[in-house]
Each structure stands twice: as C-alpha cells, then as structure tokens.
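> Here you go, sequence then predicted model.
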Amino acid sequence: MKLDAIAFPDIGEVEKDGEIFMDFLLPNGCFFQISVDFYTPLEIIKEIVWKEAQKFPLYSKLQRHDVYKFVILNQDCQMEEVLDESLRLCDIRPVGTFLKVIEKKTEKKHETLDKKVSTLIGRGTMDANVVSRAEVDDFRKRMQQFGLSKLNTKKDWYEIFRIQHPPRLRNSTLIPKYIEEACTNGYFVYNLKVEDFGGGKRFMQKAHIEDEPSAIIDMAIEKMKNNLGIDNINPGDCILKCMTMEDYVYGNHCLHRFKYIYECLQRRVAPEFCLKDKRNIFTFDHKRNHFSPASSTSTLNRQTIMPKRRDTLTWDIKDKFNFVVDAVTNIENMSDQGKNSLDKLNLIVGLYHGNELLGEVLRTKDYPVKDGKCKMVESLIFDLNLEDVQFTSKICFTLNGRAKKTKSFEAVAWGNIPVFDFRSRLQQGEQYLQMWPVTADLQFEESGLYSIGTVAMNPHSVITLVLNFPDYGRKPPIIFPPEEIVIQCAADNMEKLGHPGSPQWKASKTHIDQLKIILERTSDSLHEQDKELTWLLRHECLENMPHALPLILNSVKWYNHIDVAKMQVLLSAWRPLPVDQALELLDFNFPDRYVRKYAVDCLSVICDEELSLYLLQLVQALKYETHLYCPLAEFLMERALKNQHIGHQLFWLLKSEIHDPKVTVRYGLLLESYLKLNPDHMNSLIKQHEALSKMHTLSMLMHSEKYKNIQNAKNREVAIKDMRSVLEQKAYRDKLSDIQSPLSPLYRLKDLAVEDCKFMDSKKRPLWLVWKNADWESLKIQTIYKNGDDLRQDMLTLQILQVMDSIWQSEGLDLRMNIYGCVATGLEQGMIEIVQQARTLADIQKIQTNSALDKRSLYLWLKEKNNEDNMDHVVKEFMLSCAGYTVATYVLGIGDRHNDNIMLKENGQLFHIDFGHFLGNFKSYKGIKRERVPFVLTSHFAYVITKAETKNENFKEFQDYCEKAYKALRKRGSLLVRLFMMMLSSGIPQLTSVSDLDYLKETLALNMSEEKAIQQFRAKFDDARNAFSPYLNWALHNFVHK
C-alpha cells in the first residue's frame, strides 16, 4: 500500500523558512524532539542531534556520530536505512516526523548490493504474496547461473569496452546512391581533433567509405609525425570517438557501416572525430569480481534431475478435468458502493490455451452474498480429459454480481490461473485466486472471459476465489509429461508410411493450391475444414512453406495431447523464420513453451540494432508467459549483459511499468538479476534515478498552489526565478550533473545550464531542462521532463516510425525522418528529446505572416534561414521528410494534427510531435470530426515542395515518393500489425483489443492487390490535397493560442 507523506509538505511550502520539528530515537534509549531544517543534509542533522544528546543521561554510552546511520519509514511503509547522508529531508520524504538512529554494521558485499537494487526498483517488490516463494527463488537461482554462464569473467580491455560502448552499425552492407553522391569518388571529408596525443591539434582529412577505422588512425599518426614531430604513438593505443556523443568508431567494419558517419553524410556535413588514448578512457581492474549467487552448488537445470520415483503423469489419468469452487471471500473489500449493492454472485469459467477456448464455457448457479462472503461449493467438470490439458493451459474466471436495485448481473472481477505450476505440477488442493476489478477499458471476449489477461494474482486484499483441485485418487504430485515421453507419444502415433499426414505422403496439386489460398487470407479466421487441410499438409509446409508455421499452429487441436505431441516434434525440425514472423509467435495466441522457445531461437541471430527496434514489444511479450522463468527472459538478459545500450533500454522499459502490480514481480525479478550481474551499469543507473527524483520534486514545486496563476507575466517571471534558484542549490547541481541521459546512453549530461532552464505553459508544467554537453564544443543538450502525462503511446508511435524508417532504408528510400527520443521512466513520468534548430508551424506562421492561411509562410522562413544557393537542397529535404510523415501518419491514423504539433527544422526537414491520438481515433467536437482528411497536405506544403511554385514538376516527384513509401510499408505490413498486436497488454487506452487494429489493416489494404491499394491511396491523397478543413483548424488553433 502506497501512502502519501503525512508530515512533510511540498518543497517551497514549508513554514518558518523550512524549520520542522522531528522526533529522534537514539541507540542508548534517549528520545527527544528538536527543530531541524527541511533542506539540511542528514549528515549535518546528525551532528546537531549529537550536540542535543549531550544534554541527556547516558550520553557516554554513545559512540562517535559517524558510527551510526538513520532509519526512516519510507513511502512504501517500510523501514529503510539511509545510505547517502548528503540527502536532505525534502529528498527522502519519510512518512511521519520520526527518525531512528542505529549503529552501522560492517555489511557484506551482497547486502550493500541488495540495498542499491532496492533503491532502483523499489522496496518490497518481491514481497507481494502473489507468486509462490519457491518460483521466485527458482527464478533468481537459475537466472544468476544463466547470467554468469554468459559472462566471461576474464574479459580483456576490448571485451569490456565493447559491452559498454558497442559500435553502432547499420544492418545493410550496401551503399545507397544518395550516400555515394555525398562523396567524391568514394571519399568524404572529416575533421579530426587529436586530444590525448597532440594537445588538441586539428586536422581536416579525406577517407574512403570502404576504409576501416584503422585507416583514419594511421593517417592521423602519419600527420602528427610529419607536422608535430610525434613519432612514438602506437596505433593499438588509439581509438576514434565521435564528437558530441559517447559513440566510438572501431573494429573491422567499413566506415559507411557506422551510423554516425552514415548520418553525417546523409545530412551533408563532415563527420567529426576525436583521437583518444584508450588508456585514458577505461581502466579495467582484473581483480574485480562480479556478483556471485549464493547456493550455486550445481549448474544442472532442474528438468535434467531425474525424480527418485515414478511420479504420476497427467497422461496416466483418464478422468475429466474438474475442480470445485468453494467460495468467494473479501467481498467487503470492494468499494462501499459495490459491496453494498450486490445480493447475488455467479461465475463464468473457461479453460483456455492462449486465446483458444478448449470446450464449452461453464457457468455456476447464482449464490447469495451474506456478510461479505459467498458460499458456493459447486463442482465444475469440463468436457476434456485431464490427459488433453496442455502445460500452458489456464483457467479463466469472470465474477458477475447482481445489483439489488436493477436485479441485473454485470462483471465485477476477473482472474486467470495456470493449470500447472512452474515445476510442471498440476494444481492440487486448496488454492486462492485474488481477482482483478473490472475497469471501463476492459474488453471481454464473446465468452465473457478475459483470456488475454495476466495469470498473476492481485497483490491487494481483494475479492478472492477459493478453489479446490482434486488429486484424482493419486498420490501427489501429478506432473505434466517430460519431453522424452512427449516425443515417444508422437512416434507411437505417427501416421502410417505413405498415408495422409505422414512425412512421406505427397499432397496433390489441388490440395497445395487450396493451402496457398488459405495462406493469402491473412486477416480471416480459419474454418474447421481449413484447419483440417492445413494440419494434413504440415509436412509439405515444413519442406516448402516454412512461413506457414503460424497457420499450422492455429490448426493444431490443442485439446488433443497426441496432435500436440506431433506438433512439438515437428517444430524441432522447422527452419528458422525471419524476425517478422518469429515475433508473431510471441504474442498471446501462442503460449506453448516449445513454440516460444523456437521463436526466441529465431530472434537470437538478429543484430543489436535490429533488436533495439523491437525491444518494446519483447518486453510486453513477457506478460504472455505462463511462468516467470522462460527462454524470452534468458534471451533479453543475455543481450543486455553483452550490450550496455540494450541493457539501458531494457532497464527503463521494465522500470517504467514496475508500478503495475500485474508485472511487478516478473519485471522486478528480471531487473534485479540484471543489476546484480552488472554492478558497473547499476551505478550509472542509480545516478539517473537520483536525477529523475530531483526533476520530479522540482516538477511538484511548479505544480504547487504558489505558482497557480502563471498566465500573468510577472508571476511567471517569479516562478522561473524560483525554479532556477532551486536548480542552483548544491543538492540539485550535484545530482543533475555528469550523468548519462535516460533518453540515450550516447549522451552525457555535464552541467546544467541553469540560465536556459524554464517550464512550459501547458497544464502539466513540463520542465525544459538544458545541459552542457560533455564534449564542451558541442551544442547544449535540451530535454523536456514530463510529470503527469502518459508517454507510452508516444513511445510506441515513435518506435513504429523507426521501424518504418528502417523498412524504407532497406528499400533505398531515405525520407529524412526526425524521430526524437522519448522514454517513460515511471507512472506518467518521462523525458522527451528536444529537436534543435526547429520551430512549430504555428510559430513560423506568426513570425512570418501572422496568418495560418498564407501559404508562403513556411517557404519564407526557410529562405530566411538558408542561402539562396542552398534552397534546392532545402526544398528536397522538405519534400522527402514531408513524404515520409504523410505516409506514416496516414497508415497509423494519427489524429490531432494541427500547426502546433508539426515542426520544421531550419534545414528544411519537417516532422510531427505529440502522438496522443492514433489508429483513427480522431478528435471531434460535439460529435463532429474535426479532422476530415486522412493526413495533412496543405498548400503551405505544396508551396515549399514546388519552390514557391517555380518548379511545379516537384509535386509529381513528391507524390512518387509517397507512393514508393506506401508500397514499401505494404510489403512489410504484417510486421506492423504484429507489433501493434503485441502491445495489446500495454494498457494504452487506444489499443486494448484486436478490433483496434482494424484501422491499420484498412490503411495498409493487405487484402487488396497492389494496384487497387495504390488507387485507394491516390484517392486519399487527392482528398487531402483538395481539403480546406486543415486551414480552418490551423487558423482556429492560432486564434485560441494567441
């Protein structure tokens, strides 16, 4: 249970200059109250306490004050020892005005590590009684053993450096035409600063794009020898660092493969490097030991340990699967309105494998509610033998309550429970299922159940089902058959040689043609006869159509253990699928552990840059796992340990959702294991966490009553002055300096540029924070910190834009996308990158012509910012970027497009921001849609594209780019649909059911021929070009926001 601070007001609201009365309990039993400063570090407070203690008896029993530490009651209602005494009361914000002093103990290394981990992921994360302690311990032990097996403890300098600063490489080895055009006969110009060897000397040189980094280093050494007389430099001691960021160019790769160089050539600017001495960058202590797990006496997987006796297998039992619902308890813990309004309850129950219902839905009788309880004692018998219940099956429950007034039933709670535990043991005996309340955004299946929901229990004291599972007259445990028995079952039941369904059977051309037709019906559900044919032709698919695997899996009779055994054996021979199709096998439709292991094996070959693209979905896919330990968790851990950039991204994706009790334990355990296996990275993440804590405190200050009326210019000026005053405080400067940016580990935030910091005018008062770059010659780093806004939808949209850009790049299309950084760091908290040298279209219109209707405004602004000789290039940049965002916003159905969330860079590149509406959720006013066109394409854009109407042929080129971009997305349209499908469990309000993807499928026109799809796109294009409504929207927006 989370409590608000009951004693400490928000910073800035403390009475009497920050003085507050605190109670102190000392180790000698002395107890007293004194007034202390809310903003004074704890180390100073401790000195004050010791002076006061001299006035009381038993002072002689105390040792020096530095032998002791403070203990507080934290916001999670747990006693917490304060390790960092530079913190102040306003930083730690304990519950109550009470501090206890205890003696410091000589802590073991692992205890200190545990406390650091708790600081990052929260206290009590694993204490929730929603997962068995045995499963939690099993996860910890196995993941630690797995992690250590992947870590080479005898790493050399290069290996450690590669983990912390992995080279950023393009996937493709091909050189696009526009990159060749940026070079002269393959050569490009670069600037080099010799920092560690030549005292900051600079050179301008040329390199060939097919050269390797060593060629630049060799040329630099030769240059220093000839110009500076320095001839004792060993090339092996040198490395190239990219200016402006913590990015390094090294290894046996062609220069055009490096993203930094590629992006510079793309922008027609010279790459800038700094030649650094490796020995000054990193010092590796070979004696440092990594975290070693306790009790690691054996590395044997538990499944390889043979049982001492023959356990009963579920396949030995021919009874129907059944259990008893005993009661519903804790009804009194519902809201007052809910618990007092219900007089009867009933249950809907279904047995599911993924999203497939196995058999009929069962419904209990109606039972009366009395004194907050409901006694049922009803036996539920499913029309399915226990032997046919799969390992990853689950039982889904929906509790319906009857309102006393209306006498009608409606769903009040839901919950799901796995049939087998993590040890493969059948649920037996009395079990308790703590249910989840039904919320307005929940969309049940036609069955009235919520099978896509988690199998985790609600950690709070809520409505609880009491269930009783039978032992079927056998001595427990009853276990699911191990792999070798499954394989034997498949062999024993194989179709006869040459018979339909056997590996040797040759299907007819008619059958194969029918299968191809089924495969083309991408969005249609399978009919039973389609499933029968597909299953019959599974060996044909194995040999000639491996991409049909999802279709085969959807055709398996998951209610028949023999067919399932055959499928699992067949899967072991299946060729790896490309990433597009492998990802599909990790969504909620495919819970089978062998299928998910196969999918992870397919993903294991992708490079880190591609993995980074899909990491958001892979973290969500963890929610569809039946048990805590799984191949997907192993895969994510291994890649994070081998690449700290992946680790950084994974950390914030997990951390930002750890407040959600549905994933607290699952995500918390993965975070805990990663941090303990990588203590070096943990220290960096702690600094980021502390910095974000300061930002949150400052944000709360700007939300306080004192700064309510900032529309008044004088009040706003006072608020900004106060904000900067807080940022000048030592505690803030220390925590907000020299940190890696949570947005990207490539950027190191040096010192705050306090004079540039401010807050924005919107309702949530986002903080506009500016840092000096660690590379002092580079531009300052500008970010926005948001508190109170859900950034998950923005993150997803930006990630999909990155995927789209990757698709276009693979087709040789560079549409100059400006996909800025955005990271959620907690519940409705996060950071956004500010794209520099850019303005909103609304600002530009006000500056240039003060009219949203004047089509010349954007062109005039660009002309003002650029030389006339460069305008052709600026226009081309605008054309390409406008084409990219035109197609992207159309396909994704991005709404609320006005001139304050479309921006333009000085170099001509246009881009969109603020993605609060997507998948066709357009804004409306009094039932009338404000956006009546599929995307924004106004005469302002056409005027720039045609270079002030002097090159009208440019518009045809622009439309060609749009059509090429659209065709490229259609080729990979199934990937885009799958990525959204995997996000259904994310909790994003506009993405909660499969039907929400209908808009995406419609815009991609996946069931149409390319010719018809392009005709449809052209019609939408013409509608947008000829529409007048965007002009009115823009003019109205400018008027309202004067």
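Received the coordinates, thanks. Residues are numbered from 1 along each chain as shown.
> Just after the strand or helix carrying Phe161, pick out the following helix or strand.
Phe161 belongs to helix 157-164 when assigned by DSSP states H and E. Moving toward the C-terminus from helix 157-164, the next helix or strand (DSSP H and E) is helix 177-181.
> The very next helix or strand once past that following helix: how far from the chain's middle?
Using DSSP H and E, the helix or strand that follows helix 177-181 in sequence is strand 187-194. Centroid displacement of strand 187-194 relative to its chain, using Cα atoms, centre = their mean, to the nearest Å, is 37 Å.
> May I have strand 187-194 exported as CSV, CA atoms only?
Listed next in CSV are the C-alpha coordinates belonging to strand 187-194 (Å, rounded to 0.1, in the frame of the first residue of the first chain):
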residue,chain,number,x,y,z
TYR,A,187,35.9,9.8,-50.5
PHE,A,188,34.5,12.1,-47.8
VAL,A,189,36.0,14.9,-45.7
TYR,A,190,36.2,14.6,-42.0
ASN,A,191,37.6,16.7,-39.1
LEU,A,192,39.9,15.2,-36.5
LYS,A,193,40.9,16.6,-33.2
VAL,A,194,44.0,14.9,-31.6
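> what is the rounded mean pLDDT of the helix holding Phe161?
For helix 157-164, mean pLDDT is 87.
> Point out the other elements, helices or strands, that that helix touches.
helix 278-281 (3 or more Cβ pairs under 8 Å, 6 or more residues apart in numbering; DSSP states H and E). C-beta coordinates here come from the backbone N, C-alpha and C atoms, glycine included.
> elements contacting the helix it packs on?
Right, helix 278-281 is packed against helix 157-164, strand 238-242 by 3+ Cβ pairs under 8 Å, 6+ apart.
> Looking at those, spot the one closest to Asp218.
strand 238-242 (9.3 Å; Cβ to Cβ).
> Tell me if Leu99 really is in a strand.
Yes. Leu99: assigned to a strand according to DSSP: H, G, I helix; E, B strand; the rest coil.
> how far away is it from Ile800?
Note on Leu99: its distance to Ile800, by Cβ to Cβ, to the nearest Å, is 49 Å.
> got it, and Phe980?
8 Å.
> Give the buried residues for the helix holding Phe161.
Buried residues in helix 157-164, counted by 16 or more other Cβ atoms under 10 Å: 161-164.
> Could you give the number of residues near the nearest residue to Glu272 once chain neighbours are set aside?
In space, and not counting its chain neighbours, Glu272 is closest to Met243: 3.9 Å by Cβ to Cβ, 6 or more residues apart in numbering. Neighbourhood size, Met243 [other Cβ atoms under 10 Å]: 17.
> How about Leu174?
Neighbours of Leu174 (other Cβ under 10 Å): 11.
> Tell me the confidence at it?
pLDDT at Leu174 comes out at 87.
> ok, now Phe284?
So, for Phe284, pLDDT stands at 45.
> again, but for Lys241
Confidence score, pLDDT, at Lys241: 95.
> cool, Gln63 as well?
For Gln63, pLDDT reads 89.
> quick one: contacts for it?
By Cβ atoms under 8 Å, 6 or more residues apart in numbering, the residues touching Gln63 are Glu103.
> again, 6 Å this time
The neighbourhood of Gln63, defined by Cβ atoms under 6 Å, 6 or more residues apart in numbering, contains no residues.
> From Pro57, how far out is it?
For Gln63, the distance to Pro57 - Cβ to Cβ - is 16 Å.
> phi, psi of the nearest residue to Trp776 once chain neighbours are set aside?
Once flanking residues are discounted, Trp776 sits nearest to Lys750: 7.6 Å by Cβ to Cβ, 6+ apart. Note on Lys750: its backbone torsions stand at phi -80, psi -90 [degrees, to the nearest 10].
> now Lys750: how far from Met457?
46 Å.
> quick one: which of those two has more around it?
It is Met457, of Lys750 and Met457, that has more neighbours when counted by other Cβ under 10 Å, with 23 against 18.
> Hmm, that one is touching Ser132, no?
No. The criterion here is Cβ atoms under 6 Å, and Met457 misses it with Ser132 at 10.5 Å.
> how far is stretch 229-246 from where the chain is centred?
36 Å.
> contact partners of it?
By Cβ under 6 Å, 6+ apart, stretch 229-246 touches 197, 213, 217, 221, 224-225, 248-250, 260, 272-278, 746-748, 775, 778.
> for stretch 30-41, same thing?
Residues outside stretch 30-41 that contact it (Cβ under 6 Å, 6+ apart) are 14, 18-23, 25, 45, 52-53, 56, 86, 88-90.
> which of the residues in that stretch are buried?
For stretch 30-41, by 16+ other Cβ under 10 Å, it's 30, 36-41.
> again, but for stretch 399-416
For stretch 399-416, by 16+ other Cβ under 10 Å, it's 399-402, 409, 411-416.
> Same question for stretch 552-572.
For stretch 552-572, by 16+ other Cβ under 10 Å, it's 552-571.
> what do you get for stretch 243-259?
For stretch 243-259, the neighbour count (16+ other Cβ under 10 Å) marks 243-250, 254-259 as buried.
> Over to stretch 654-673?
Neighbour-count burial for stretch 654-673 [16+ other Cβ under 10 Å]: 654-658, 661-673.
> repeat for stretch 796-806
For stretch 796-806, by 16+ other Cβ under 10 Å, it's 796-801, 803-806.
> What mean pLDDT does it get?
On average, stretch 796-806 scores 97.
> chain center to it: distance?
That offset, for stretch 796-806, works out to 13 Å (Cα atoms, centre = their mean).
> List the residues that contact Ile646.
608, 639-640.
> Most neighbours among these, which one is it?
Neighbour max across the contacts of Ile646 (other Cβ under 10 Å) = Ala640, 27 neighbours.
> in what helix or strand does the closest residue to that residue other than its chain neighbours lie?
In this structure, Ala640 finds its nearest non-sequential neighbour in Gly647, 3.9 Å apart by Cβ to Cβ, 6+ apart. Assigned by DSSP H and E, Gly647 falls within helix 644-655.
> Likewise for Asp998?
In this structure, Asp998 sits in helix 998-1004 according to DSSP H and E.
> Now that helix - C-alpha only, PDB.
The C-alpha coordinates for helix 998-1004 follow below in PDB (Å, rounded to 0.1, in the frame of the first residue of the first chain):
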ATOM      1  CA  ASP A 998      -8.800  -2.700 -38.000                       C
ATOM      2  CA  TYR A 999      -7.800   0.800 -39.000                       C
ATOM      3  CA  LEU A1000      -4.200  -0.200 -39.600                       C
ATOM      4  CA  LYS A1001      -5.300  -3.200 -41.700                       C
ATOM      5  CA  GLU A1002      -7.600  -0.900 -43.700                       C
ATOM      6  CA  THR A1003      -5.000   1.700 -44.500                       C
ATOM      7  CA  LEU A1004      -2.400  -0.900 -45.400                       C
END
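> Number the chain from 45, please
All right, first residue 45 from here; so that's helix 1042-1048.
> roughly how far is the following helix or strand past it from the heart of the chain?
On the C-terminal side of helix 1042-1048, the nearest following helix or strand under DSSP H and E is helix 1054-1070. Distance of helix 1054-1070 from the chain centroid (Cα atoms, centre = their mean) equals 34 Å.
> Buried residues, helix 1054-1070. List them.
So, applying 16+ other Cβ under 10 Å, buried residues of helix 1054-1070: 1057-1058, 1061, 1064-1065, 1068.
> Looking at those, which is nearest Asp898?
Nearest to Asp898 among the buried residues of helix 1054-1070, with distances taken as Cβ to Cβ, is Ala1068, at 19.6 Å.
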